[in-house]
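J.: Dropping the sequence and predicted coords here.
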Amino acid sequence: MNDAAKLSPSALELWKSLLQALPDARLAVVGVPAGRTSERLQRSLGAGSRLTLVPRVPLDQYFAWFNEVDIELDTMPYSGGTTTCDALW
């Protein structure tokens, strides 16, 4: 739900290891622009069909995505700030 620019290589490695450890897990990343950023995430995470990349969406759709996930993973080392508060709410 965060800005894709905040997705550091270390965060992507951590998320990839989670996906490898949990073969039934799926990952949705909201706010990913099409093109190089999307391709980089697909390549880095290697999750195939378990990865859903969603472009920036209107605010009502953004909040609706929180109802579609069990847990939100924050970016690191950059915190989510407002996004983290949205998830807690």
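T.: Perfect, I can see it now. Numbers count the residues shown, from 1 in each chain.
J.: what comes into contact with the helix ranked longest in the chain?
T.: Longest helix of the chain, by residue count under DSSP state H: helix 9-21. Contacts to helix 9-21, defined as C-beta atoms under 8 Å, 6 or more residues apart in numbering, come from residues 25, 27, 41, 44, 45, 46, 47, 50, 73, 75, 76, 77. C-beta coordinates here come from the backbone N, C-alpha and C atoms, glycine included.
J.: what separates the closest residue to the second one other than its chain neighbours from residue 43, distance-wise?
T.: Spelled out, it's residue 27. Residue nearest to residue 27 in three dimensions, not counting chain neighbours: residue 51, with 5.4 Å by C-beta to C-beta, 6 or more residues apart in numbering. Computed with C-beta to C-beta, to the nearest Å, the distance linking residue 51 and residue 43 is 11 Å.
J.: Low-confidence bits of this protein, can you list those?
T.: The chain contains no residues with pLDDT under 70.
J.: Please enumerate the strands of it.
T.: Per DSSP state E, the chain has strands spanning 27-30, 51-54. These are given in chain order.
J.: Just send these back as TSV, with distance to residue 13 and mean neighbour count too.
T.: What follows is these, written out as TSV (distance: least, C-beta to C-beta, whole Å; neighbours: other C-beta atoms under 10 Å):
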stretch	distance to residue 13	mean neighbour count
strand 27-30	13	18
strand 51-54	15	17
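J.: which one of the ones you listed lies closest to residue 67?
T.: Across the strands of the chain, residue 67 has its closest neighbour in strand 27-30 (11.5 Å, C-beta to C-beta).
J.: chain center to that closest one, what's the gap?
T.: 4 Å (C-alpha atoms, centre = their mean, to the nearest Å).
J.: Fine, thanks again, bye for now.
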